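Visitor: Have a look at this prediction, sequence included:
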Amino acid sequence: MKTSFFKYSILAVFAGLTLQVKAQNKPLSQQIATTVMEIWKDSLNLDPANPKPVKWAYDQGVILEGIDGIWKRTADNEYFKYMQKSMDFFVTKEGTINRYKQADYNIDNIKNGRILLTLYKVTGQQKYFKAATLLWDQLQQQPRTKEGGFWHKKIYPNQMWLDGLYMGQPFYAEYAALVKNEKAFDDIANQFVWMEKNARDAKTGLLYHGWDESKTEQWANKTTGKSPNFWGRAMGWYGMALVDVLDNFPQHHPKRAALLAILSRFAIAVQKVQDPKSGLWYDILDQPQGKGNYHEASASSMFVYTLAKAVRMGYLPSNYLAVAQKGYHGIKTEFIEPAGDGKVNLKGTVSVSGLGGKPYRDGSYAYYLSEKVITNDPKGVGAFLLAANEMEIAALPKSKFGETVLLDSYFNNETKIDQSNNNVSWHYKWEERANGGFSFWGDLFNNKGFQTKTLYQAPTLANLKNAAVYIIVDPDFEKENPKPNFIEPTHIKVITEWVKAGGILLLMGNDAPNVELKHFNELAGQFGVFFNGDSKGTVPVATNFETAKVVVPTGNEIFKNSTNLFIKEYSSLKLSGAAKSILKDKDGDDVMSINSIWKRNGVCNR
């Protein structure tokens, strides 16, 4: 059964948008996710034949970030429950992490922190934030090179590896953004700058797997400290780290430009070593004719993810999407095999490659080619989950014009004190990942090619000019905001003129105890709608949404793919004039309406 969840009643609905759509034939990302959730039902276990839970390990973080991407796109709660179950195996009620030792100063152990932050943002449970803070604390004490770069591990002194940038920096940036630690971003950017400076080959543009500041390791060049080969997955880790860090890196930070420049150089180098025939990448990137060299699944998936996401986010020019598409076609052709019952396997991933250790890994070509290549390695599967999700987003039909969807944060301007004692704006914001659903909604718009922005000022014809859609949700009153901004006649005049000129207005209101309706109704009345101020769809038990169910009749013009909506605590509507009902509840009261009284250039204004 297809369901959607809301917590407000709605005056107007943007056509064609539903919160959850399930296709009959699951896309490839969900087929590999089904494989993952069957093989590794609980905590990650590398040997299904020997069900023994492994230690706190980065492999699981790669897989769960792939699962998280699919959850954000589908809103299927089974994916979230899988992420939570996987982490709850390790995270105690007190917020400690079983099988994790901070004193190891192993940067691999930071990777899972991003899933802890996701769980915290969605559930609000402090145990996840406390566990993530343990990892943040490790980074604050992580041993460093003289220049300031993080050692890869305590047991690998003076060494930076490309792998470590992915393991540590995306979490470092996301946590810093959450707690508003602006100083951290200088350090985050520098890790990439130093890694590139010390490991990049000027001729090819590729980065060597590792760099030893002391130049004492057997694998290290005695002049440069660089390891001897360009390992595909190491470059893949570095690329994914760049695009993931940029998600949380401040737009106006002076070092953001340096990161984008590094990404551009990375993309140029990676494109040059793509196999022109298959679209894939080799285990050792610059030696396609080398004896025993082979196309490698995890590196190929990582490059596809990096390039496709970078194009989607505007970090790289659009021509790189063709590079990603060619790579993705090669992955599907060479590495994907059916596994029955809506599942697929991923072949062709090298199980592990490193430098130093016991037995000693000398970084030679022969060493890399000696490691086993296996099916359904978690690093490869996780990377493929990320790549497949990106390519499925890229394949979605897109708006030709990149219109802006503008969310009000002037009339709805509640603030709260967060976990770090910062005063933050909250309640129905694009970035919120809790049950309000706004991050899902924002992702739907973005994935269709729209831009999502927030308006923190009063609406004017100037600041609404470039918006195709303007959304006002739950205006404040004194209970929520000691100095609320009410909708005044001047605002109504501006908004009405903007709608007449072609804008799409969406008004969303809670029930009377939770929204300011007097002024809100003065705006809604311009379109033949009045919020009655009653309280319907109450949910006495927080998780029992059945009491808020509204059944969508077959043939509904807006909700074409959903049968049940759960609309919590809403006011019914009284309609007049050109206002048209599009959904009624079980009592026959209007819940949602649409007004199409003006048309311009073939666009229906609601």
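Guide: Everything's here; your move.
Visitor: Restricting to C-alpha, output stretch 260-275 in CSV.
Guide: Extracted in CSV, the C-alpha atoms of stretch 260-275 (Å, rounded to 0.1, in the frame of the first residue of the first chain):
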residue,chain,number,x,y,z
LEU,A,260,36.4,22.9,-6.5
ALA,A,261,39.7,23.4,-8.3
ILE,A,262,41.0,20.1,-6.8
LEU,A,263,37.8,18.4,-8.0
SER,A,264,38.3,19.8,-11.5
ARG,A,265,41.8,18.5,-11.7
PHE,A,266,40.7,15.2,-10.3
ALA,A,267,38.0,14.8,-12.9
ILE,A,268,40.3,15.7,-15.8
ALA,A,269,42.8,13.0,-14.7
VAL,A,270,40.1,10.3,-14.1
GLN,A,271,38.5,10.9,-17.5
LYS,A,272,41.9,10.4,-19.2
VAL,A,273,42.3,6.9,-17.8
GLN,A,274,38.8,5.7,-18.4
ASP,A,275,38.9,2.7,-20.7
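Visitor: Sort out which residues of that stretch are buried, please.
Guide: Neighbour counts over stretch 260-275 (16 or more other C-beta atoms under 10 Å) mark 260, 262-263, 266-267, 269-271, 273-274 as buried. For glycine as for every other residue, the C-beta is placed from the backbone atoms N, C-alpha and C.
Visitor: nearest to Gly502, of those residues?
Guide: Leu260 (34.4 Å; C-beta to C-beta).
Visitor: Now pLDDT and secondary structure too, for the buried residues of stretch 260-275, in TSV please.
Guide: Putting the buried residues of stretch 260-275 into TSV (pLDDT from 0 to 100; DSSP: H, G, I helix; E, B strand; the rest coil) gives the following:
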residue	pLDDT	secondary structure
Leu260	98	helix
Ile262	98	helix
Leu263	98	helix
Phe266	98	helix
Ala267	98	helix
Ala269	98	helix
Val270	98	helix
Gln271	98	helix
Val273	98	coil
Gln274	99	coil
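Visitor: Format the residues you listed as TSV; extra columns: distance to Ala324.
Guide: Formatted as TSV, the buried residues of stretch 260-275 follow (distance: C-beta to C-beta, whole Å):
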residue	distance to Ala324
Leu260	18
Ile262	18
Leu263	14
Phe266	14
Ala267	10
Ala269	15
Val270	10
Gln271	10
Val273	15
Gln274	10
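Visitor: Where does Thr452 fall, secondary structure wise?
Guide: Element membership for Thr452 (DSSP states H and E) is strand 451-455.
Visitor: again, but for Glu337
Guide: strand 336-340.
Visitor: who does that strand touch, helix- and strand-wise?
Guide: strand 343-346 (3 or more C-beta pairs under 8 Å, 6 or more residues apart in numbering; DSSP states H and E).
Visitor: what lines up beside the strand it packs on in the sheet?
Guide: Sheet pairing of strand 343-346 (DSSP bridges) gives strand 336-340 (antiparallel).
Visitor: list the buried ones in the partner strand?
Guide: For strand 336-340, by 16+ other C-beta under 10 Å, it's 336, 339.
Visitor: Contacts for it next, please.
Guide: 28, 35, 344-347 (C-beta atoms under 8 Å, 6 or more residues apart in numbering).
Visitor: Would you write a PyMOL line that selects the buried entries of those residues?
Guide: Applying 16+ other C-beta under 10 Å to the contacts of strand 336-340, the buried members can be selected in PyMOL as follows:
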select buried, resi 28+35+344+345+346
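Visitor: that older thread, just the CA coordinates for the strand holding Thr452, please, in PDB.
Guide: Output of strand 451-455 as PDB, limited to C-alpha atoms (Å, rounded to 0.1, in the frame of the first residue of the first chain):
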ATOM      1  CA  GLN A 451      16.200  24.800  -7.100                       C
ATOM      2  CA  THR A 452      15.100  25.000  -3.500                       C
ATOM      3  CA  LYS A 453      15.700  28.200  -1.600                       C
ATOM      4  CA  THR A 454      14.500  29.900   1.600                       C
ATOM      5  CA  LEU A 455      13.100  33.400   1.900                       C
END
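Visitor: Touching it from outside, list them.
Guide: 402-410, 429-430, 442, 445-446, 463-464, 467, 470.
Visitor: after it comes which helix or strand?
Guide: Next element after strand 451-455 (DSSP H and E): helix 461-464.
Visitor: and the next helix or strand after that following helix with strand 451-455, angle?
Guide: Next in sequence after helix 461-464, counting helices and strands by DSSP H and E, comes strand 467-473. Using axes from the mean of the first three to the mean of the last three C-alpha atoms, to 10 degrees, the inter-axis angle of strand 467-473 relative to strand 451-455 is 50 degrees.
Visitor: Could you tell me how far strand 467-473 lies from the centre of the chain?
Guide: Offset of strand 467-473 from its chain centre (C-alpha atoms, centre = their mean, to the nearest Å): 23 Å.
Visitor: so what strands line up beside it?
Guide: strand 404-408 (parallel), strand 504-509 (parallel).
Visitor: average pLDDT across it?
Guide: The pLDDT scores in strand 467-473 average 96.
Visitor: can you list contacts of that strand?
Guide: Outside strand 467-473, the residues that touch it by C-beta under 8 Å, 6+ apart are 8, 14, 401, 403-408, 411-412, 428, 450, 453, 455, 459, 464, 487, 495, 498, 503-509, 520, 523.
Visitor: what's the first-to-last distance across stretch 212-226?
Guide: Taking C-alpha to C-alpha, to the nearest Å, stretch 212-226 runs 6 Å from one end to the other.
Visitor: Name the residues of it that are buried.
Guide: 212-213, 217, 219-220, 225-226.
Visitor: out of these, what pair is the most spread apart?
Guide: Going by C-beta to C-beta, the pair spanning the buried residues of stretch 212-226 furthest: Glu213 and Trp219, at 13.5 Å.
Visitor: what residues are up against Gln30?
Guide: Taking C-beta under 8 Å, 6+ apart as the test, what Gln30 contacts is 70, 74.
Visitor: ah, wrong one, I meant Tyr428
Guide: By C-beta under 8 Å, 6+ apart, the contact list for Tyr428 reads 407, 412, 436, 438, 473-474, 508.
Visitor: do that again at 7 Å, thanks
Guide: By C-beta atoms under 7 Å, 6 or more residues apart in numbering, the contact list for Tyr428 reads 412, 436, 438, 473-474.
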